[in-house]
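Visitor: Sequence first, then the predicted structure, then my questions.
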Amino acid sequence: MADTIEQAVSRALDEAPPRNFRETVDLAVNLRDLDLNDPSNRVDESVVLPAGTGQETQIVVFATGETALRAEEVADDVLGPDELEELGDDDDAAKDLADETDFFVAEAPMMQDIGRYLGTVLGPRGKMPTPLQPDDDVVETVNRMKNTVQLRSRDRRTFHTRVGAEDMSAEDIADNIDVIVRRLEAALEKGPLNIDSIYVKTTMGPSVEVEA
(Lines give C-alpha, C1' and ligand atoms only; values in the text may rest on other atoms or scores of the structure.)
Protein backbone atom coordinates (compact mmCIF):
# COMPACT_ATOMS: atom_id res chain seq x y z
CA MET A 1 0.00 0.00 0.00
CA ALA A 2 1.34 3.41 -0.92
CA ASP A 3 2.09 5.89 1.89
CA THR A 4 2.19 9.68 1.76
CA ILE A 5 5.66 10.95 1.00
CA GLU A 6 6.70 11.75 4.58
CA GLN A 7 5.19 8.50 5.93
CA ALA A 8 7.05 6.50 3.29
CA VAL A 9 10.35 8.24 4.09
CA SER A 10 9.88 7.66 7.84
CA ARG A 11 9.21 3.96 7.23
CA ALA A 12 12.23 3.64 4.93
CA LEU A 13 14.47 5.26 7.56
CA ASP A 14 12.99 3.28 10.48
CA GLU A 15 13.19 -0.09 8.71
CA ALA A 16 16.74 0.33 7.40
CA PRO A 17 19.17 -1.93 9.34
CA PRO A 18 22.14 -0.08 10.89
CA ARG A 19 25.21 0.05 8.65
CA ASN A 20 28.77 1.06 9.32
CA PHE A 21 28.60 3.86 6.76
CA ARG A 22 26.38 6.86 6.08
CA GLU A 23 23.68 5.73 3.65
CA THR A 24 22.08 7.90 1.02
CA VAL A 25 18.32 7.97 0.53
CA ASP A 26 17.31 7.25 -3.04
CA LEU A 27 14.16 7.36 -5.11
CA ALA A 28 13.21 4.77 -7.75
CA VAL A 29 10.69 5.94 -10.35
CA ASN A 30 8.84 3.50 -12.63
CA LEU A 31 7.39 5.05 -15.79
CA ARG A 32 4.57 3.72 -17.98
CA ASP A 33 2.88 4.31 -21.32
CA LEU A 34 5.94 5.97 -22.83
CA ASP A 35 7.94 4.94 -25.90
CA LEU A 36 11.41 5.44 -24.44
CA ASN A 37 13.04 4.38 -27.70
CA ASP A 38 12.07 7.89 -28.79
CA PRO A 39 14.62 10.22 -27.12
CA SER A 40 12.04 13.02 -26.95
CA ASN A 41 10.03 10.95 -24.42
CA ARG A 42 12.97 10.34 -22.08
CA VAL A 43 13.34 12.13 -18.75
CA ASP A 44 16.36 14.44 -18.54
CA GLU A 45 15.86 17.10 -15.88
CA SER A 46 18.11 18.94 -13.41
CA VAL A 47 16.32 19.60 -10.13
CA VAL A 48 17.50 21.82 -7.28
CA LEU A 49 16.55 20.15 -3.99
CA PRO A 50 15.20 22.61 -1.38
CA ALA A 51 16.77 20.71 1.54
CA GLY A 52 20.00 19.84 -0.28
CA THR A 53 21.28 16.44 -1.33
CA GLY A 54 22.79 15.55 2.05
CA GLN A 55 25.97 14.52 0.27
CA GLU A 56 29.10 16.15 -1.07
CA THR A 57 28.60 17.03 -4.72
CA GLN A 58 31.77 17.11 -6.81
CA ILE A 59 31.85 20.04 -9.22
CA VAL A 60 34.62 20.89 -11.70
CA VAL A 61 34.77 24.24 -13.49
CA PHE A 62 36.52 24.95 -16.79
CA ALA A 63 37.42 28.62 -16.73
CA THR A 64 40.11 31.26 -17.20
CA GLY A 65 41.09 34.58 -15.63
CA GLU A 66 38.95 36.13 -12.92
CA THR A 67 36.21 33.53 -13.33
CA ALA A 68 38.75 30.79 -12.59
CA LEU A 69 39.96 32.62 -9.49
CA ARG A 70 36.40 33.04 -8.17
CA ALA A 71 35.55 29.43 -9.01
CA GLU A 72 38.43 28.22 -6.85
CA GLU A 73 36.50 29.50 -3.82
CA VAL A 74 33.65 27.04 -4.32
CA ALA A 75 34.49 24.33 -6.89
CA ASP A 76 36.33 21.07 -6.18
CA ASP A 77 38.68 21.74 -9.08
CA VAL A 78 39.20 24.43 -11.71
CA LEU A 79 40.78 23.53 -15.03
CA GLY A 80 42.11 25.85 -17.71
CA PRO A 81 42.75 25.34 -21.44
CA ASP A 82 46.10 23.58 -20.88
CA GLU A 83 44.64 21.02 -18.47
CA LEU A 84 41.72 20.51 -20.84
CA GLU A 85 44.07 19.70 -23.71
CA GLU A 86 46.05 17.30 -21.50
CA LEU A 87 42.85 15.46 -20.61
CA GLY A 88 42.08 15.19 -24.31
CA ASP A 89 45.33 13.23 -24.71
CA ASP A 90 44.72 10.96 -21.71
CA ASP A 91 41.52 8.98 -22.11
CA ASP A 92 41.89 7.12 -18.81
CA ALA A 93 42.35 10.34 -16.81
CA ALA A 94 39.38 11.91 -18.58
CA LYS A 95 37.16 8.91 -17.75
CA ASP A 96 38.31 8.92 -14.11
CA LEU A 97 37.48 12.63 -13.83
CA ALA A 98 34.07 12.11 -15.44
CA ASP A 99 33.22 9.24 -13.09
CA GLU A 100 34.32 11.16 -9.97
CA THR A 101 32.53 14.39 -10.86
CA ASP A 102 28.81 15.02 -10.46
CA PHE A 103 28.60 18.20 -12.54
CA PHE A 104 30.81 20.24 -14.83
CA VAL A 105 30.50 23.98 -15.45
CA ALA A 106 32.36 25.79 -18.22
CA GLU A 107 32.72 29.30 -19.54
CA ALA A 108 30.73 29.39 -22.76
CA PRO A 109 33.74 30.18 -25.00
CA MET A 110 35.42 26.96 -23.82
CA MET A 111 32.51 24.71 -24.77
CA GLN A 112 33.73 24.11 -28.31
CA ASP A 113 37.12 22.83 -27.11
CA ILE A 114 35.46 20.74 -24.40
CA GLY A 115 33.35 19.08 -27.08
CA ARG A 116 36.49 18.49 -29.13
CA TYR A 117 38.64 17.06 -26.32
CA LEU A 118 36.11 15.47 -23.95
CA GLY A 119 32.87 15.11 -25.91
CA THR A 120 33.24 11.35 -26.39
CA VAL A 121 33.81 10.88 -22.66
CA LEU A 122 31.32 13.35 -21.14
CA GLY A 123 28.57 13.07 -23.74
CA PRO A 124 27.65 9.40 -23.25
CA ARG A 125 27.68 9.94 -19.47
CA GLY A 126 25.28 12.88 -19.74
CA LYS A 127 27.91 15.11 -18.14
CA MET A 128 28.57 17.81 -20.71
CA PRO A 129 29.17 21.06 -18.78
CA THR A 130 26.58 23.66 -17.97
CA PRO A 131 27.65 26.71 -20.01
CA LEU A 132 28.49 29.78 -17.97
CA GLN A 133 27.39 32.95 -19.76
CA PRO A 134 29.28 36.26 -19.28
CA ASP A 135 26.58 37.63 -16.94
CA ASP A 136 26.41 34.45 -14.83
CA ASP A 137 27.97 34.42 -11.36
CA VAL A 138 30.19 31.34 -11.15
CA VAL A 139 29.98 31.21 -7.33
CA GLU A 140 26.18 31.33 -7.39
CA THR A 141 26.03 28.74 -10.19
CA VAL A 142 28.31 26.28 -8.39
CA ASN A 143 26.51 26.70 -5.07
CA ARG A 144 23.16 26.06 -6.75
CA MET A 145 24.50 22.94 -8.44
CA LYS A 146 25.71 21.54 -5.13
CA ASN A 147 22.02 21.06 -4.28
CA THR A 148 21.13 19.71 -7.71
CA VAL A 149 20.33 16.16 -8.79
CA GLN A 150 19.89 14.85 -12.31
CA LEU A 151 16.79 12.87 -13.30
CA ARG A 152 17.70 10.76 -16.30
CA SER A 153 15.68 7.78 -17.57
CA ARG A 154 17.61 7.05 -20.76
CA ASP A 155 15.64 4.23 -22.49
CA ARG A 156 14.66 2.44 -19.28
CA ARG A 157 11.27 2.47 -17.56
CA THR A 158 12.91 2.62 -14.12
CA PHE A 159 15.45 5.21 -13.02
CA HIS A 160 16.94 6.29 -9.69
CA THR A 161 18.01 9.55 -8.12
CA ARG A 162 19.42 10.69 -4.80
CA VAL A 163 17.01 12.60 -2.51
CA GLY A 164 18.96 12.87 0.75
CA ALA A 165 20.94 11.06 3.42
CA GLU A 166 19.85 8.90 6.35
CA ASP A 167 20.68 11.58 8.94
CA MET A 168 18.38 14.15 7.34
CA SER A 169 14.87 14.57 8.72
CA ALA A 170 11.99 12.74 7.04
CA GLU A 171 10.33 16.12 6.50
CA ASP A 172 13.34 17.51 4.59
CA ILE A 173 13.67 14.40 2.43
CA ALA A 174 9.92 14.48 1.75
CA ASP A 175 10.22 18.12 0.63
CA ASN A 176 12.93 17.06 -1.83
CA ILE A 177 10.81 14.21 -3.18
CA ASP A 178 7.78 16.47 -3.54
CA VAL A 179 9.79 18.86 -5.75
CA ILE A 180 11.04 15.96 -7.89
CA VAL A 181 7.56 14.49 -8.35
CA ARG A 182 6.13 17.88 -9.32
CA ARG A 183 8.90 18.41 -11.87
CA LEU A 184 8.35 14.94 -13.32
CA GLU A 185 4.62 15.44 -13.62
CA ALA A 186 5.21 18.74 -15.41
CA ALA A 187 7.77 17.21 -17.80
CA LEU A 188 5.93 14.00 -18.76
CA GLU A 189 3.48 14.05 -21.66
CA LYS A 190 0.57 12.67 -19.61
CA GLY A 191 1.78 14.00 -16.26
CA PRO A 192 1.06 11.67 -13.31
CA LEU A 193 -0.50 9.11 -15.69
CA ASN A 194 3.00 8.36 -16.98
CA ILE A 195 4.22 7.48 -13.46
CA ASP A 196 3.54 3.86 -12.59
CA SER A 197 5.01 3.82 -9.08
CA ILE A 198 7.64 5.47 -6.88
CA TYR A 199 9.71 3.87 -4.13
CA VAL A 200 12.06 5.37 -1.53
CA LYS A 201 14.87 3.48 0.22
CA THR A 202 18.20 3.91 1.91
CA THR A 203 21.24 2.54 0.09
CA MET A 204 20.82 -0.99 1.46
CA GLY A 205 17.41 -0.75 3.15
CA PRO A 206 13.96 -2.02 2.07
CA SER A 207 11.94 -0.15 -0.55
CA VAL A 208 8.77 1.65 0.54
CA GLU A 209 6.19 2.75 -2.01
CA VAL A 210 5.36 6.45 -2.12
CA GLU A 211 1.95 7.82 -3.01
CA ALA A 212 2.56 9.72 -6.24
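Guide: Happy to help now that I have it.
Visitor: which residues sit against the longest helix anywhere in the chain?
Guide: Ranked by residue count, the top helix of the chain under DSSP state H comes out as helix 170-187. The contact list for helix 170-187, computed with C-beta atoms under 8 Å, 6 or more residues apart in numbering, reads 5-6, 9-10, 13, 25, 27, 29, 43, 45, 47-52, 54, 149, 151, 161, 163-164, 191-192, 195, 198, 200, 210, 212. Placement of C-beta: from N, CA and C, glycine included.
Visitor: ok, of these, which come out buried?
Guide: Buried subset of those (neighbour count, 16 or more other C-beta atoms under 10 Å): 5-6, 9-10, 13, 25, 27, 29, 43, 47, 49, 51-52, 54, 149, 151, 161, 163-164, 195, 198, 200, 210, 212.
Visitor: So which of those residues are in strands?
Guide: If you go by DSSP state E, the buried ones among the contacts of helix 170-187 have 25, 27, 29, 47, 149, 151, 161, 163-164, 195, 198, 200, 210 in strands.
Visitor: Most widely separated two among those?
Guide: Across those, the longest distance by C-beta to C-beta is 19.9 Å; it joins 164 and 195.
Visitor: If you count neighbours, what's buried in stretch 167-179?
Guide: Buried, per 16+ other C-beta under 10 Å, within stretch 167-179: 168, 170, 172, 173, 174, 175, 176, 177, 179.
Visitor: Any chance of JSON lines for those, columns pLDDT?
Guide: Output for the buried residues of stretch 167-179, formatted as JSON lines (pLDDT from 0 to 100):
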{"residue": "168", "pLDDT": "96"}
{"residue": "170", "pLDDT": "96"}
{"residue": "172", "pLDDT": "96"}
{"residue": "173", "pLDDT": "97"}
{"residue": "174", "pLDDT": "96"}
{"residue": "175", "pLDDT": "96"}
{"residue": "176", "pLDDT": "97"}
{"residue": "177", "pLDDT": "97"}
{"residue": "179", "pLDDT": "96"}
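Visitor: Which two among the residues you listed are spaced furthest apart?
Guide: Of all pairs drawn from those, the widest gap by C-beta to C-beta lies between 170 and 179 and measures 15.2 Å.
Visitor: which residues touch residue 74?
Guide: Contacts of residue 74 by C-beta under 8 Å, 6+ apart are 59, 138, 139, 142, 143.
Visitor: Show me which of the residues you listed is closest to residue 125.
Guide: Closest to residue 125, out of all of these and judged by C-beta to C-beta, is residue 59, at 15.0 Å.
Visitor: Name whatever forms a beta bridge with the closest one.
Guide: Beta-bridge pairing of residue 59 under DSSP bridges involves residue 103.
Visitor: I figured it hits residue 143, correct?
Guide: No - judged on C-beta atoms under 8 Å, residue 59 makes no contact with residue 143 at a distance of 9.3 Å.
Visitor: re earlier: quick check: of the buried residues of stretch 167-179, which lies closest to residue 39?
Guide: Nearest to residue 39 among the buried residues of stretch 167-179: residue 179, at 24.6 Å, using C-beta to C-beta.
Visitor: Run a quick neighbour tally on residue 64.
Guide: By other C-beta atoms under 10 Å, the residues close to residue 64 number 14.
Visitor: swap in residue 44?
Guide: The number of residues packed near residue 44 is 12, by other C-beta under 10 Å.
Visitor: Verify the stated contact: it with residue 155.
Guide: No - counting by C-beta under 8 Å, residue 44 stays clear of residue 155, with 11.6 Å between them.
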